[in-house]
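1. this one's sequence-less:
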């Protein structure tokens, strides 16, 4: 099967180098640019994700294939409307995947990796989870609807390639109609902000219309403060990958009641039991 992400890696690296060079030749005091240790951590997180996905994708393909074989209809891959339908189905799946990975703590433990950098540049896009297993249920319905597994995986890759390019401070706001419909660097900077006004906003992948429809859209206004509300203060990739799981375990172990243990796992990341 054609691996779009693997073929895009040289383009990612080239764009990353060009962006880093742009900060050297055209510095901007309001933009954070690059920091060597932070960038190294992001690259290591990305490499770890690639290695883990070598095996995990085999499981994903097997599960999607089983669901596709059980589907009552099989949509034709050679029909343009199938691809149009898949685009929107993938976008909806991604929106809810992304939203629940911010609002359910055990899912957030996987996704928090991507938000752990206090910088915002193209290397941040490569800071990916080492526990990608929570994504499987969100795209499984697409296979049950009759989309071939290879099409689902390809559309996921298209979305990821697009999203790589929104991780930059070097692009301001775009033409208003584009900003209205599509996820842009401006919208995604908001998503990576730890400012109170920016928390849990702008979940879209390629399109931003879902956030407008479901009430989670926030335009870029005040200067974005990147990172977490409580930053972890480490460049150690293993700690970046696991710190929230460790925090959940500490909270669950220290809870006195089962409903509090449940809350520490399945309520929001900032949840705490009432005194």
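-> Received it, and whenever you're ready, just let me know what you need. Everything numeric here is computed off the predicted structure, so don't read it as measured data.

2. rest of the way, CA atoms for contacts and neighbours
-> OK.

3. where is the longest helix in this protein?
-> helix 36-70 (DSSP state H).

4. and the strands in the stretch 101-250 of the chain, which stretches?
-> In the stretch 101-250 of the chain, no strands are defined using DSSP state E, counting those that start in this stretch.

5. now do the helices in it.
-> Applying DSSP state H, counting those that start in this stretch to the stretch 101-250 of the chain gives helices spanning 105-111, 122-125, 136-144, 149-164, 176-181, 185-191, 209-214, 237-254.

6. so for residue 270, which of those sits nearest?
-> helix 105-111 (8.3 Å; CA to CA).

7. now do the longest helix of the chain: distance to the chain's middle.
-> 13 Å (CA atoms, centre = their mean, to the nearest Å).

8. quick revisit: most tightly surrounded among the helices of the stretch 101-250 of the chain?
-> Most buried of the helices of the stretch 101-250 of the chain by mean neighbour count (mean count of other CA atoms under 10 Å) is helix 122-125; its value is a mean of 26.

9. neighbours of the closest residue to residue 210 other than its chain neighbours, just the number please.
-> The spatially closest residue to residue 210, leaving aside those adjacent along the chain, is residue 204, at 6.5 Å (CA to CA, 6 or more residues apart in numbering). Residue 204 has 28 neighbouring residues, counting by other CA atoms under 10 Å.

10. what of residue 269?
-> 21.

11. Provide a list of residues in contact with it.
-> Counting by CA atoms under 8 Å, 6 or more residues apart in numbering, residue 269 makes contact with 102, 103, 104, 105, 108.

12. dump those residues to JSON lines, plus pLDDT and distance to residue 221.
-> JSON lines is the format used below for the contacts of residue 269 (pLDDT from 0 to 100; distance: CA to CA, whole Å):
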{"residue": "102", "pLDDT": "98", "distance to residue 221": "21"}
{"residue": "103", "pLDDT": "97", "distance to residue 221": "23"}
{"residue": "104", "pLDDT": "98", "distance to residue 221": "27"}
{"residue": "105", "pLDDT": "98", "distance to residue 221": "28"}
{"residue": "108", "pLDDT": "98", "distance to residue 221": "25"}
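
13. could the residues you listed go into JSON lines alongside distance to residue 50?
-> Below are the contacts of residue 269 laid out as JSON lines (distance: CA to CA, whole Å):
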{"residue": "102", "distance to residue 50": "23"}
{"residue": "103", "distance to residue 50": "26"}
{"residue": "104", "distance to residue 50": "25"}
{"residue": "105", "distance to residue 50": "24"}
{"residue": "108", "distance to residue 50": "20"}
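
14. from residue 151, how far off is the residue nearest to residue 210?
-> Counting by CA to CA, to the nearest Å, the separation of residue 204 from residue 151 is 20 Å.

15. cool, residue 265 as well?
-> 33 Å.

16. residues in contact with stretch 240-253: which ones?
-> So stretch 240-253 is contacted by 45, 106, 108-110, 112-113, 116, 129-130, 232, 234, 260-262, 264-265 (CA under 8 Å, 6+ apart).

17. ok, stretch 112-120 next?
-> 32-35, 38, 124-125, 127-129, 167-169, 189, 192, 225-228, 231-232, 240-241, 244.

18. try it again with 7 Å
-> For stretch 112-120, contacts defined as CA atoms under 7 Å, 6 or more residues apart in numbering pick out 32-34, 38, 124, 127-129, 167-169, 192, 226-228, 231, 240-241.

19. for stretch 22-30, same thing?
-> The contact list for stretch 22-30, computed with CA under 7 Å, 6+ apart, reads residue 33.

20. what's the span of that stretch, first residue to last?
-> 14 Å.

21. so what's the gap between it and the chain middle?
-> 27 Å.

22. one more: stretch 152-161?
-> 12 Å.

23. same check, this time on stretch 64-82
-> The answer for stretch 64-82 is 26 Å, by CA atoms, centre = their mean.

24. and it, which residues are buried?
-> 64, 65, 67, 68, 71, 75 (16 or more other CA atoms under 10 Å).

25. list the contacts of the residue nearest to the last one when sequence neighbours are not counted.
-> Yep, that's residue 75 we're talking about. Distances taken as CA to CA, 6+ apart place residue 146 nearest to residue 75, at 5.2 Å, with adjacent residues excluded. By CA under 7 Å, 6+ apart, the residues touching residue 146 are 68, 71, 73, 74, 75.
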